[in-house]
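Student: Only the shape, not the letters, is given here:
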Ligand code: 1HN
């Protein structure tokens, strides 16, 4: 609603004067600065695996790794935004073919990879090499050198999520290509997993830098076993069974800006509604279910993705006969760190 002011003409006249001093006053036709609630330009969207699978096939056949910071990715694009999947992060599906190398670089954006399909690829992060197997989460924190090599015999795909929009909004973009295609690999693979992977047992002398997460890999078997154990607890009224990937040294989120969760939704589950600030993306590993997000209903099954826009009411329910397994990425650590987190629970 436009507020009609008596001084509208005066404001317009003043503005012309002010321009050469690089100043301005609020104009009657400026959009309101403060809305009573968030009015996100990001849309909540659903990407179906039946649409994505042929596109990924085509990408593998028709698109090269390319030059520069070479990656072959299908970006999950939000048409409400100039770029990105949500207003803070980009989610892309990376396709890598047998024998290919995604060459080494580093950037200020924090990145995570969640392996969707395939085996035989390895990622190296600051010299440490990790295997990439289905359901594994591997982190590439800000400014870490990283490259990926595929030694398997069939195409592989994984989800990449980077806090690119946040980094760009904060004008903190830095990028370096490495001097060679791939970096030196340390003699000890999985080093941070060997040191910190159990979560509760750690080398007594280990003193990771404050607020940084030394653990770079969260293998599928560990995460899914923890989730099965949590399934013995009382269900969460909104999420059924859910666990967050954490920094084992301080209990905080695994990444400074983005959080990751793994969630079971059992067939009979009917979740309560909830809304909060921040945005999130779900990836369905298996099973089926339905989520209402705002006034939309997403009937999802294995391979699908969907997003939830800030302050949208949303609720999940199970369907079918098997438990559904979902991976989630959200920007709630950013919201909480800045004091912008709010939620309402039905
Ligand atoms: C990137 O550097 C990777 O390192 C993956 O594998 C996806 C999407 C946008 C910008 C940079 C990678 C990316 C990316």
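Tutor: Sure thing, it's come through. Because the structure is a prediction, the values reported are computed rather than measured. Numbering: from 1, shown residues only.
Student: what does the stretch 51-200 of the chain have sitting close to the ligand?
Tutor: 69, 71, 73, 90, 92, 94, 102, 111, 146, 160, 162 (C-beta under 6 Å from any ligand atom). For every residue, glycine as well, the C-beta is placed using N, CA and C.
Student: Which of those residues sits closest to residue 175?
Tutor: Distance to residue 175 across these (C-beta to C-beta) is lowest for residue 69, with 6.9 Å.
Student: and residue 17, what does it touch?
Tutor: Counting by C-beta atoms under 8 Å, 6 or more residues apart in numbering, residue 17 makes contact with nothing.
Student: Over to residue 319?
Tutor: So residue 319 contacts 267, 287-290, 299 (C-beta under 8 Å, 6+ apart).
Student: re the thing from before, among the residues of the stretch 51-200 of the chain next to the ligand, which lie within strands?
Tutor: 73, 90, 92, 94, 102, 111, 146, 160, 162 (DSSP state E).
Student: Who are the contact partners of the first one?
Tutor: Taking C-beta under 8 Å, 6+ apart as the criterion, residue 73 is in contact with 92-95, 160.
Student: Just among these, which is most surrounded?
Tutor: The most crowded member of these, judged by other C-beta atoms under 10 Å, is residue 95 (25 neighbours).
Student: now the contacts of residue 319 as TSV including distance to the ligand?
Tutor: Putting the contacts of residue 319 into TSV (distance: C-beta to the nearest ligand atom, whole Å) gives the following:
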residue	distance to the ligand
267	34
287	27
288	28
289	28
290	30
299	29
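Student: Nearest to residue 81 among the residues of the stretch 51-200 of the chain next to the ligand?
Tutor: residue 90 (10.1 Å).
Student: For the closest residue to the ligand within the chain, name its beta-bridge partners.
Tutor: In the chain, the residue that lies nearest the ligand is residue 160 (3.8 Å; C-beta to the nearest ligand atom). Beta bridges link residue 160 to residue 92, residue 113 when assigned by DSSP bridges.
Student: ok, now which ones touch it?
Tutor: 71, 73, 90-94, 111-113.
Student: and which of the residues you listed is nearest to residue 29?
Tutor: residue 90 (33.2 Å).
Student: Which pLDDT value goes with the closest one?
Tutor: pLDDT, residue 90: 98.
Student: show me the contacts for the closest residue to it other than its chain neighbours.
Tutor: Residue nearest to residue 90 in three dimensions, not counting chain neighbours: residue 164, with 4.5 Å by C-beta to C-beta, 6 or more residues apart in numbering. Applying C-beta under 8 Å, 6+ apart, one finds that residue 164 lies in contact with 83-84, 89-90, 109.
Student: Just the buried residues of these.
Tutor: With neighbours counted by 16 or more other C-beta atoms under 10 Å, those contain buried members at 84, 89-90, 109.
Student: re the thing from before, would you mind putting the contacts of residue 160 into CSV with distance to residue 30 alongside?
Tutor: Listed next are those as CSV, based on distance: C-beta to C-beta, whole Å:
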residue, distance to residue 30
71, 40
73, 38
90, 30
91, 33
92, 35
93, 39
94, 41
111, 37
112, 38
113, 42
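Student: Just name the closest of the residues you listed to residue 315, please.
Tutor: Closest to residue 315, out of all of the contacts of residue 160 and judged by C-beta to C-beta, is residue 91, at 22.1 Å.
Student: can you count the residues close to the closest one?
Tutor: 25.
Student: Residue 133 versus that one, what's the distance?
Tutor: The spacing between residue 91 and residue 133, counted by C-beta to C-beta, to the nearest Å, is 20 Å.
Student: swap in residue 125?
Tutor: Taken as C-beta to C-beta, the span from residue 125 to residue 133 is 16 Å.
Student: If you count surrounding residues, which of the two has more?
Tutor: Using other C-beta under 10 Å as the criterion, residue 125 and residue 133 rank with residue 125 on top: 23 against 16.
Student: my guess is that one meets residue 143, correct?
Tutor: No - judged on C-beta atoms under 8 Å, residue 125 makes no contact with residue 143 at a distance of 10.9 Å.
Student: who are the neighbours in contact with the spatially closest residue to residue 294 that is not a sequence neighbour?
Tutor: Spatially, and ignoring its direct neighbours in sequence, residue 294 is nearest to residue 312 (4.4 Å; C-beta to C-beta, 6+ apart). The contact partners of residue 312, by C-beta under 8 Å, 6+ apart, come to 40, 44, 275, 293-294.
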